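Peer 1: 3D, please:
(3 chains)
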Amino acid sequence: MGDPAFAVLGRDGRVIDAALTDDTGGAVERVRLDDDTLPGWVRDRESAGRIRWVWNDTARWYPRLLRAGVTVARCWDLRLGHAILRWAQSVPADDPVRTAGPWASASADPAAEPDSPALFEWDGGAGAHTGLPSGLDAALAEWRSQEAAVRRSEDPARLRLLLAAESAGGLLASELTAAGVPWDVAEHERVLTTALGEIGPGGRPRRLEELAAGIRTALGDPALNPDSPPQLLRSLRRAGITVQTTGRWELAQHEHPAIAPLLEYKKLARLLTANGWAWLDEWVRDGRFRPVYVPGGVVTGRWASSGGGALQIPRQLRQAVRADPGWKLVVADVAQLEPRVLAGMSSDASLAQAARGRDLYAGIVEATAIATRPEAKVAMLGAMYGATTGDSGRLVPHLRRSFPRAMRLVDDAARIGEDGGAVSTWLGRTSPPPDERWRGVQRRASEAGATAADIDRARRAARDRGRFTRNFVVQGTAAEWALAWLADLRGRLSALPAASASAPGSGPVFSTRAHAAFFLHDEVIVHTPAELADDVAAAVQASAAEAARLLFGDFPLDFPLDVRIADAADKA
DNA sequence: GAAACAGGCGCG
DNA sequence: AAAGCGCGCCTGTTTC
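Peer 2: Below you'll find the model as predicted:
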């Protein structure tokens, strides 16, 4: 055979079997490995030429390779691939990959598994806990099945791009956990102490206790626990504050001496419980926050996270994200990603024209009867989320007049969802079908003898689903763009030279290399040796241009980035 | 006493 | 301000 293009890995107990194939999948050479010989062998194959690793689940193979100091450039993650192909509309409905089976039932979250092999050691028969097939023959069979499904699909090139991007995301997720977010504990503690005060004798921060006392006095309820919504609601009403909920926005509309301390209390209590000293203790080790990411964890294709609230780090604490000495952070985010991909997928030249340059919302003000930037923003969000009332709902018709193609795309997606149908992203990720409960509600409303309440319930459920599918196509395509961006960036970063200064907390692979440290939907933070920061910033830009080209070809559409080189991740 | 649910709020 | 989408996690409360 010629140079191998693929290496398929499977595991049976302590034995690891590898099959090398060329790009037709035909010629096969088999190799037998174990835990000790695997990393060295992978490193050798990886450096011998371009190869794609095919395995059941990146989260079960890659972390231990990274711990051994080995990276891989490309893979085909069969679990992630199956999750996409299982529902993909562009694959014929009778294709075997679209039927239920063991590859579909596996958990997406290795951290949720007992004795997680992703985080600790192999369990002796990887997959035993999850039902995910682990042997080489199963991997080969599933790989051929997925390959065949892609070939039979309406648009193999797009689906192939999606699977490659999704798999690259799987690699990136493991790498992000391995490298960690550089976290300055002293800075974090400064933020906590400044906001909450020192810990008092009761073990609670002083400032929080003072505010609680002030609330009790103002409401005349000395026993009140402000953390209990039912108690708080009763107490507020007794004090003559006629609220329906204890939510921040409703409270802010009332005048009363209890309101100000209560709002402040809620804000600080949130900081304490979500990201206080206990969080620091549990989640930051050796100057790194290491969250577990769950690629494809959201139906739209966005990532989810498990543990540590990685995707909810409050802006208040971003100053604790701090580069190591001799290193810098390159912080980059895409401006208004979702409306831009909407312009691309609908080929709406007017919206693309409005998106030219940095601020899409300013462009909308110029192109429409909408007068101000904030109005342009709520109008566009309303169009993508399905707003029907309020300022947003009122402004959406202006967008329909000026950007008919883009608006038709989201309106069509909503209508299909309301009818119980499925919609797909630009690259072919398809929304899941409505569940049995939803279909039951619709069925009941169309039966003879349906009550007005039945019909009302069905209509509401239909509209709910319409808003979901409306947003699915936009949010999902934005996630694809971001994955393509990050996948390309991985390659560029790995081609940069090694560092002169070391960042020891980042693990065996990344302590001497520029590496992505954090990824959140449309934003990336790269931790880089200071001398490479300018190169990294250029790479981030080049990758954005490449993502635009990969998804939308020559369609003239900007994806401007906000890129900063800094020591800390907060906005200067 | 654990599990499930609700209210609330952080992020995009 | 929210509204209109997608998440995760904390506390308190209810249910088993």
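Peer 1: C-alpha only now, for contacts and for neighbours.
Peer 2: Noted.
Peer 1: and for A:Leu520, the neighbour number?
Peer 2: 15 (other Cα atoms under 10 Å).
Peer 1: contacts only, for it.
Peer 2: If a contact means Cα atoms under 8 Å, 6 or more residues apart in numbering, then A:Leu520 has A:Leu311 as its contacts.
Peer 1: what pLDDT does it get?
Peer 2: At A:Leu520, the model reports a pLDDT of 96.
Peer 1: one more: A:Gly202?
Peer 2: Here the pLDDT value assigned to A:Gly202 is 84.
Peer 1: make sure A:His515 is actually in contact with A:Pro529.
Peer 2: No. Here A:His515 lies out of contact with A:Pro529, judged by Cα atoms under 8 Å, at a distance of 9.4 Å.
Peer 1: check contacts around A:Phe388.
Peer 2: To be clear, residue A:388 is Thr; Phe isn't right here. The contact partners of A:Thr388, by Cα under 8 Å, 6+ apart, come to A:Gly382, A:Arg394.
Peer 1: let's verify it: helix, strand, or coil?
Peer 2: coil (DSSP: H, G, I helix; E, B strand; the rest coil).
Peer 1: which phi and psi does it have?
Peer 2: Note on A:Thr388: backbone dihedrals following degrees, to the nearest 10 are phi -120, psi -20.
Peer 1: same question for A:Phe555.
Peer 2: On the backbone of A:Phe555 - angles per degrees, to the nearest 10 - the values are phi -60, psi 130.
Peer 1: from A:Pro404, how far out is it?
Peer 2: Here A:Phe555 is placed at a distance of 17 Å from A:Pro404 (Cα to Cα, to the nearest Å).
Peer 1: please report how far A:Phe367 lies from DNA strand B.
Peer 2: I think there's a mix-up here, since residue A:367 is Ala and not Phe. If you measure A:Ala367 against DNA strand B using Cα to the nearest atom of the strand, to the nearest Å, the figure is 24 Å.
Peer 1: which residues of the stretch 151-300 of chain A lie near DNA strand C?
Peer 2: Along the stretch 151-300 of chain A, the residues adjacent to DNA strand C under the rule Cα under 7 Å from any atom of the strand are A:225, A:227-231, A:249, A:273-274, A:279, A:297-300.
Peer 1: let's go with 6 Å and repeat that
Peer 2: For the stretch 151-300 of chain A, the residues in contact with DNA strand C (Cα under 6 Å from any atom of the strand) are A:Asp227, A:Ser228, A:Pro230, A:Gln231, A:Trp249, A:Thr273, A:Ala274, A:Val298, A:Val299.
Peer 1: check chain A too.
Peer 2: Contact residues (Cα under 6 Å from any atom of the strand) of chain A with DNA strand C: A:227-228, A:230-231, A:249, A:273-274, A:298-299, A:304-309, A:378, A:381-382, A:385-392, A:464, A:467-468, A:471.
Peer 1: return the subset of those residues lying in strands.
Peer 2: Residues from the residues of chain A next to DNA strand C lying in strands, with DSSP state E as the criterion: A:Ala304, A:Ser305, A:Ser306.
Peer 1: among the residues you listed, which are within reach of DNA strand B?
Peer 2: Filtered for proximity to DNA strand B (Cα under 6 Å from any atom of the strand), these leave an empty set.
Peer 1: is it possible to get JSON lines of those residues that adds distance to A:Glu187, neighbour count and pLDDT?
Peer 2: Putting those into JSON lines (distance: Cα to Cα, whole Å; neighbours: other Cα atoms under 10 Å; pLDDT from 0 to 100) gives the following:
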{"residue": "A:Ala304", "distance to A:Glu187": "27", "neighbour count": "20", "pLDDT": "95"}
{"residue": "A:Ser305", "distance to A:Glu187": "24", "neighbour count": "19", "pLDDT": "94"}
{"residue": "A:Ser306", "distance to A:Glu187": "24", "neighbour count": "16", "pLDDT": "91"}
